[in-house]
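Student: predicted coordinates and the sequence they were generated for:
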Amino acid sequence: MSGKLQRLKVETTWGDIKVELIDGKVARCSLPFLAGQPETPFSVKASGTDAASKFVVAALSGKPAKGPTLLFSEALAKENGKLEGTTFQQQVWQAIAEIPPGKTKTYGELAQAIGRPRAYRAVANACGKNPLPVFIPCHRVLAANGNIGGFTAGLAWKRLLLTGNRA
DNA sequence: ATCTAACAAGTGG
DNA sequence: CCACTTGTTAGAT
């Protein structure tokens, strides 16, 4: 297994977004941490023409970006022969991945979806460990009272992903 | 192997 | 607004 490892980079005014592909499947994604809301307006400086790069750019632009070839369950599986994440986490990530485009869900809803209605706290926990931010739309997960919740790389990204970069 | 603290939430007082 | 609940994880013992 394991064929080629490919590293992509989308350069933006907020920093570089790095994506790692294994055999053409998205294996990992990381965004630069932003402590607060940057004063610089967001824009993409440079990006590749491959599907993954396009997906990232589209997601950040609020376009109808249809999830292309994520197959994330395949993508997440074994990187070192080891599964990425625990069973529970994978269930959570899968549930998140199934959120219809343009919609949002609450942590509680997701907890119900995986059959553990009281585990909303754990769900949030799993969100924070999501290895594929942006690809797995954990930014569409909000708290029940409408609060925005949190985001691994900083709330600025989450807001951007939710509202789209209409600027 | 067991225990404890921490967490991106929720419900109730 | 504050405090108690709740399930899972990571790190220490």
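Tutor: Structure's in. What do you need? Numbers count the residues shown, from 1 in each chain, chains lettered A, B, ... in the order given.

Student: could you use CA atoms for every contact and neighbour count after this?
Tutor: Will do.

Student: get me the contact residues on chain A for DNA strand C.
Tutor: Within chain A, the residues that sit near DNA strand C (CA under 7 Å from any atom of the strand) are A:Thr86, A:Thr87, A:Phe88, A:Gln89, A:Arg116, A:Arg118, A:Ala119, A:Tyr120, A:Arg121, A:Ala122, A:Asn125, A:Ala126.

Student: buried ones from these, can you make that a PyMOL selection?
Tutor: Remark: buried members of these, expressed as a PyMOL selection using 16 or more other CA atoms under 10 Å:
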select buried, chain A and resi 89+119+120+122+126
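
Student: ok, which of the residues of chain A next to DNA strand C also contact DNA strand B?
Tutor: Counting by CA under 7 Å from any atom of the strand, A:Tyr120, A:Arg121, A:Ala122, A:Asn125 from the residues of chain A next to DNA strand C sit close to DNA strand B.

Student: now flag whichever of those is closest to DNA strand B.
Tutor: Within those, the smallest distance to DNA strand B is 4.2 Å, found for A:Arg121 (CA to the nearest atom of the strand).

Student: now find how far off-centre the helix or strand harbouring that closest one is within its chain.
Tutor: Following DSSP states H and E, one finds A:Arg121 within helix A:120-128. Helix A:120-128 has its C-alpha centroid displaced from the chain centroid by 14 Å (CA atoms, centre = their mean, to the nearest Å).

Student: tell me which residues are up against whichever helix or strand comes after it.
Tutor: Counting by DSSP H and E, the next helix or strand C-terminal to helix A:120-128 is strand A:141-142. With contact meaning CA atoms under 8 Å, 6 or more residues apart in numbering, strand A:141-142 is reached by A:Ile96, A:Thr104, A:Lys105, A:Thr106, A:Tyr107, A:Ile148, A:Gly149.
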